[in-house]
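Student: fold the following and give me the result.
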Amino acid sequence: MTDKKLITDRFSKSFSTYDDNAFIQNIMASNLIKFVTLNNFNSIFEVGCGTGILTRYIKTFFLYTNYTANDIVQESKKYVQKIIKDVTFVCGDIEQVKIDKKFDLIISNACLQWCNNLNATIIKLVNMLNKNGILAISIFGQKNLCEIKQLLNVSLNYPKVADIINNVDNCKTIYVGKEIKKIYFDNPIDIIKHFKQTGVNGIAPIKFTKTTLKEFEIKYKKLFIENGKCYITYNPIYVVLKKEK
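Tutor: Numbering: from 1, shown residues only. Below you'll find the predicted structure:
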């Protein structure tokens with residue numbers, strides 16, 4: 001079970017450094033927009049808007065009348081309001097919040113992997129779509145941060161593509177894709193800093209001592225290095241569904 005209080009705390013603390021360090025999340029947002037074949041919607045709901053990385057792409061590439069955004073961190077509201085002034089902001093855990101509205105597009109970038117029950121959340125979001133509405137999500141797959149799982153035995157319960165698309169029976173699959181992306185750093189300590197600056201350290205409350213940090217650094221350099229650089233693996237998944245009933 002993911003600790004939502006820890007997630008909220010870590011992401012809140014990372015907001016000021018997030019945009020400059022969320023390399024993969026920005027790539028994912030850019031890609032996700034391209035996989036949505038329509039660009040004109042009456043109502044859009046963004047799940048996990050954070051600092052507004054995806055929001056900027058939404059404003060640039062989509063036409064819309066009503067825009068609603070959600071995030072578990074209240075501070076997110078002021079970030080998205082700078083991008084879309086008339087946003088309706090709903091603060092809360094997407095697994096818990098109740099929204100009595102229907103949308104033509106529900107879109108989420110690099111967020112839903114934090115759900116304790118992804119299947120139930122996907123069904124919930126599909127039920128919030130109007131007929132012919134689009135659900136477009138990017139999420140991380142099973143090979144995500146595999147180096148950290150191997151060394152520290154810490155990982156989220158990352159899904160397979162099939163876990164997402166086979167979960168609903170009233171949708172047509174418009175697009176499915178996945179990638180493996182490696183991000184390179186000078187040393188393992190920079191990777192730990194990267195996690196802190198993007199809130200990814202919300203996976204678990206790991207605390208290093210000087211000894212365990214040094215051990216981690218030595219093992220990491222031995223196992224996960226290419227051309228003198230240490231790397232971390234990200235595994236983006238993209239799914240776009242259209243509600244048919």
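
Student: please, which helix or strand holds the residue of the chain most remote from its centre?
Tutor: The centre of the chain is farthest from one residue, T211, which by Cα atoms, centre = their mean lies 32.3 Å away. T211 belongs to helix 210-223 when assigned by DSSP states H and E.

Student: beyond that helix, next helix or strand please.
Tutor: That would be, after helix 210-223 and using DSSP H and E, strand 225-226.

Student: give the other helices and strands that the following helix or strand past that following strand contacts.
Tutor: The first helix or strand that comes after strand 225-226 along the chain, using DSSP H and E, is strand 229-234. Other elements packing on strand 229-234 under the criterion 3 or more Cβ pairs under 8 Å, 6 or more residues apart in numbering; DSSP states H and E are helix 146-152, strand 181-185, helix 188-198. Yep, even glycine has a C-beta here, placed from its N, CA and C like the rest.

Student: roughly how far does the residue farthest from the centre of the chain sit from I218?
Tutor: Remark: distance between T211 and I218 (Cβ to Cβ, to the nearest Å) = 11 Å.

Student: cool, and V240?
Tutor: Per Cβ to Cβ, V240 is found 43 Å from I218.

Student: all strands for this protein, in order.
Tutor: Under the criterion DSSP state E, the chain contains strands at 40-47, 63-71, 88-91, 103-109, 129-140, 171-178, 181-185, 225-226, 229-234, 236-243.

Student: just name the most buried of the ones you listed.
Tutor: strand 103-109 (a mean of 25; mean count of other Cβ atoms under 10 Å).

Student: which residues are contacting it?
Tutor: Around strand 103-109, the neighbours that count as contacts under Cβ atoms under 8 Å, 6 or more residues apart in numbering are 25, 28-29, 32, 36, 38, 41-48, 53-54, 58, 62, 64, 68, 125, 128-130, 132-139.

Student: do that again at 6 Å, thanks
Tutor: If you take Cβ atoms under 6 Å, 6 or more residues apart in numbering as the criterion, strand 103-109 is touched by 28-29, 32, 41-48, 54, 125, 128, 130, 133-138.

Student: quick one: strands adjacent to it?
Tutor: As defined by DSSP bridges, the strand partners of strand 103-109 come to strand 40-47 (parallel), strand 129-140 (parallel).

Student: list the contacts for the nearest residue to I183 once chain neighbours are set aside?
Tutor: Counting by Cβ to Cβ, 6 or more residues apart in numbering, the nearest residue to I183 once its immediate chain neighbours are dropped is I232, at 5.4 Å. The neighbourhood of I232, defined by Cβ under 6 Å, 6+ apart, consists of 147, 183, 191.

Student: quick one, grab the pLDDT at the second one.
Tutor: In other words, I183. I183 is assigned 97 on the pLDDT scale.

Student: also the first one?
Tutor: At E147 the predicted local confidence, pLDDT, stands at 97.

Student: one more: N201?
Tutor: For N201, the model assigns a pLDDT of 68.
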